[in-house]
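Trainee: Here you go, sequence then predicted model.
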Amino acid sequence: APAAAPNLARTGALGLAQIVAAIVVGSAQARLDASAPHVVAQGVALGFSAPWSFYLMMAGYFKVMEVAATGWGLSLPPSFNNPFAKRNLSAFWASWNMTVTGALRDALFYRRWTRPSIDLYINTCLVFVLVGAWHGTNAYWLLWGALHAVGFCVYLAVSRAKPGQAPAGSTASLLSWAAT
């Protein structure tokens, strides 16, 4: 048990640091939104800062909850596993809010009727658009859901067309990571 205390302290400190970083990124995002001279510049600023702010805040909250749960003798499953470091959208979503992603995948994706050739893409679009609407029924989140649906469908089509073949070389790896 003595080794668990430093891990808990480290996890709690990391969670609090992530929450503070999210607040800093969020306030910088607000300043950029207010000072950007053009709507395109505002969109670019929001497009880059909002996902990081959201991730830092949620990952920080989950880390703090993991520490708090140990006080009641509970062990929470991990929620995030460095999603922005992943190489493609599939790996990104497999490591983003893993509990919710798994529940939505099981409830919405696999529970629908099955016609594998078409439903794979319909289910993918359904899941991402509903997740976008769940976060907020506004243009930003609906567009977010639609873009991730399209991106994931492209990933599925490419991976199905060339099963077992990953892009080779450092340039392909870099492009794959950047697209994620």
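Mentor: Sure thing, it's come through.

Trainee: CA atoms only for stretch 82-91 - export them in PDB, please.
Mentor: The C-alpha trace of stretch 82-91 is given here as PDB (Å, rounded to 0.1, in the frame of the first residue of the first chain):
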ATOM      1  CA  ASN A  82      -3.100  10.100 -24.600                       C
ATOM      2  CA  PRO A  83      -5.600  10.300 -27.500                       C
ATOM      3  CA  PHE A  84      -3.800  13.200 -29.300                       C
ATOM      4  CA  ALA A  85      -0.700  11.100 -29.700                       C
ATOM      5  CA  LYS A  86      -2.500   8.300 -31.600                       C
ATOM      6  CA  ARG A  87      -1.800   7.600 -35.200                       C
ATOM      7  CA  ASN A  88      -5.300   7.400 -36.700                       C
ATOM      8  CA  LEU A  89      -8.900   8.100 -35.800                       C
ATOM      9  CA  SER A  90      -9.600   4.500 -34.700                       C
ATOM     10  CA  ALA A  91      -6.700   4.600 -32.200                       C
END
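
Trainee: Check what pLDDT Leu175 gets.
Mentor: On the pLDDT scale, Leu175 is placed at 53.

Trainee: Enumerate the helices of this structure by residue range, in sequence order.
Mentor: Taking DSSP state H as the test, the helices found in the chain are 4-35, 39-70, 89-94, 98-104, 116-135, 139-161, 169-179.

Trainee: what's the distance between the shortest one and the middle of its chain?
Mentor: Same thing as helix 89-94. Taking C-alpha atoms, centre = their mean, to the nearest Å, one finds the center of helix 89-94 at 8 Å from the center of the full chain.

Trainee: Export the helices of the chain as CSV, with columns for distance to Asn81 and mean neighbour count.
Mentor: In this view, the C-beta of every residue, glycine as well, is placed from N, C-alpha and C. Shown next, in CSV, are those (distance: least, C-beta to C-beta, whole Å; neighbours: other C-beta atoms under 10 Å):
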stretch, distance to Asn81, mean neighbour count
helix 4-35, 13, 14
helix 39-70, 10, 16
helix 89-94, 8, 18
helix 98-104, 7, 14
helix 116-135, 18, 16
helix 139-161, 18, 15
helix 169-179, 15, 11
